[in-house]
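Colleague: got a structure for you, letters missing:
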């Protein structure tokens, strides 16, 4: 973990490089990058050991368990080359925090691997680090360690997030029971529409709607407070990243159940409603597109008031959108007249 | 962490893909890869939750702390395109285990991110997984989770390793004291020479020596048993990955000390001795090249017998190679006559 070799290194072999101005290309080696960009992100975390060791040292709180998750983002695949660096960094962090949120975890720290090209602009890197710094404030976490490598390919970032749950209280994907209500936080489909905006579609929407959708694509809001509040209420939970129907399918598969979603109940933003009013065919993108980063969960009948309390206390909209069924009935959506909808090719294909 | 969406997914959206034969290119999506390649690597680890959840769940043993480390490998930068897939996978795992070894940790599990190209050969991927499977047996660890993404660039792999140490017993880089002996496990310089062999140099060495050096480059032997044995003996430790002199510089920098290395004491393999006999200039590669993955540590005077005991009990050669000095004396090496050697540009430059 060569973050470890970072800022304090003063051997003959590295001194010269550390002293060089960081905006000269030849000085942009691992050591300079770590000292300038990453050490400040780790300064307040004892776990990071100042980024001057081989590894991070982490003592989980007594009575708690660790939750570990990792996600990668590749330029041209998971983000666009002209996406702002700050937004790329924050999305990388937040998609991982969203996994923690859906498990009911409190985030603690993260490890970061950056693979940059030799000629990646130092200004871009600084903005990337600034995005992380801002989100560290927002979420109360710190960088604990990582690795910085060079790649001849597209810039690629990998982030491992570490969180904690009280012992035995992680929300699993499995556990949904027949008759459970199906709920989702926030609104669904905005990110999929936001990607369309970034790709030049939806030009007839108003600028405010387009901006809002684009922002939802670029910047997930991990539902950490809601996830922690739902730990003792939900039977099963996951975050919506592949798309509502695909992720519902995952939850149902491991729970051994089916599900019916009432499309009329899908919580939609004003912008998504406006887009849908212009093109009813966008419902496929809304229910099937990815990157929502909302929590989808199943909770037993009768927990409605508790869910409403969590929604109010955490200021998180939560909507009931369907019902868990026996496995034999399958996973499907119905329209406002109760007729099953054909929703083909839903879900983002990663590979 | 889309490993989670893996093998059990049975929604309409994914069923078709999961059912397809895994060696057809169009079927090689994330779900198929996880089910075929990765689920077996996670089968025995409760932490992995069958790779069917959003995150891994990890309960550290009471009285222990977690050690976390991450390293990435990029084709063409950290390994060669024609390196065997099994060896690439094992090196990726082992460089991380080497970090854990140098901290005195017992490895527990790992998270894996693979970024493959759309047309990466499935046979290569299977060999990669087979390499991991073999090393899981060797080191008693399992896959806990990960992510599988597509890249248009060179195949890129990131591995986060998780280990444990008894509370307060991690070996740090800082802590070396003036007068401490400097020790190293195994032999130094083999991997740097092995890389030269792979690049077509050292053709005048015998085939057995060349094979041995190449193997040392491709396949680190993390010194886990020795590291655990040294926890209560060493003042400071790290693994030699950037090169002996560079890593010694890192240890000295954070410890606030200097060091003198006696080059005549460097533990060399028969192959390295043979190479050096043909070309004395190779000493720079030996002391400065990376990828040794041995443990370099400082221990107080008088602990020689304890170190000899650890060496014997763990069947790990350990050699004393120098002495910790006051910081003002710097970090340097001397020849057999005690004359300081000029060792320029030592240490692998990552970026």
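Modeller: Alright, I've got the coordinates. These numbers were taken from a predicted model, which means no experiment stands behind them.
Colleague: now the strands: where do they sit in the stretch 1-150 of chain A?
Modeller: Counting by DSSP state E, counting those that start in this stretch, one finds strands in the stretch 1-150 of chain A at the ranges A:56-58, A:64-74, A:106-116, A:142-150.
Colleague: what's the closest of those strands to residue A:272?
Modeller: Among these, strand A:64-74 comes nearest to residue A:272, with 24.2 Å by CB to CB. Placement of C-beta: from N, CA and C, glycine included.
Colleague: show me where pLDDT drops low in chain A?
Modeller: A:1-29, A:343-351 (pLDDT under 70).
Colleague: Going along the chain, name the helices of it.
Modeller: For chain A, the helices defined by DSSP state H cover A:12-19, A:30-33, A:39-42, A:85-102, A:122-139, A:190-198, A:207-218, A:224-230, A:244-255, A:270-278, A:283-288, A:304-313.
Colleague: So for residue B:153, which of those helices sits nearest?
Modeller: Residue B:153 lies closest to helix A:85-102 among these, at 16.1 Å (CB to CB).
Colleague: got the angle for that closest one vs strand B:142-150?
Modeller: Put simply, helix A:85-102 runs at 140 degrees to strand B:142-150, going by axes from the mean of the first three to the mean of the last three CA atoms, to 10 degrees.
Colleague: So the residue nearest to residue A:40 when sequence neighbours are not counted versus residue A:78, what's the distance?
Modeller: Setting aside the residues directly before and after it, residue A:40 is nearest to residue A:133 in space (CB to CB, 6 or more residues apart in numbering or on different chains), at 7.1 Å. Residue A:133 sits 21 Å away from residue A:78, going by CB to CB, to the nearest Å.
Colleague: So if I had to pick from these two, which one is more boxed in?
Modeller: Neighbours were counted for residue A:133 and for residue A:78 using other CB atoms under 10 Å in any protein chain shown; residue A:78 has more, 22 against 15.
Colleague: what pairs with the nearest residue to the more buried one once chain neighbours are set aside across the strands?
Modeller: Excluding its sequence neighbours, the residue lying closest to residue A:78 (CB to CB, 6+ apart) is residue B:149, at 7.1 Å. For residue B:149, the beta-bridge partners are residue B:115 (DSSP bridges).
Colleague: which residues does the most centrally placed residue in chain A contact?
Modeller: Chain A has residue A:95 as the residue nearest its centroid, 1.4 Å off, counting by CA atoms, centre = their mean. Neighbouring residues of residue A:95 by CB atoms under 8 Å, 6 or more residues apart in numbering or on different chains: A:71, A:73, A:220, A:241, A:293.
Colleague: same thing with residue A:67?
Modeller: By CB under 8 Å, 6+ apart, residue A:67 lies in contact with A:100, A:103, A:105, A:162-165, A:170, B:55-58.
Colleague: my guess is residue A:157 contacts residue A:92, does it?
Modeller: Yes - at 5.2 Å, residue A:157 and residue A:92 qualify as touching, with contact defined as CB atoms under 8 Å.
Colleague: intersection of neighbour lists for the two?
Modeller: Common neighbours of residue A:157 and residue A:92 (CB under 8 Å, 6+ apart) are residue A:73.
Colleague: How far does stretch A:253-272 stretch from one end to the other?
Modeller: Start-to-end span of stretch A:253-272 (CA to CA, to the nearest Å) is 29 Å.
Colleague: Neighbours of whichever residue of the stretch 201-350 of chain A sits closest to chain B, how many?
Modeller: In the stretch 201-350 of chain A, the residue that lies nearest chain B is residue A:249 (2.1 Å; CB to the nearest CB). Neighbours of residue A:249 under the rule other CB under 10 Å: 26.
Colleague: How about residue A:77?
Modeller: Counted with other CB under 10 Å, residues neighbouring residue A:77 total 18.
Colleague: how about it, what does it touch?
Modeller: Going by CB under 8 Å, 6+ apart, the list of residues near residue A:77 reads A:154, B:149-152.
Colleague: go with 10 Å
Modeller: Residues in contact with residue A:77 (CB atoms under 10 Å, 6 or more residues apart in numbering or on different chains) are A:154, A:156, A:350-351, B:115, B:149-153.
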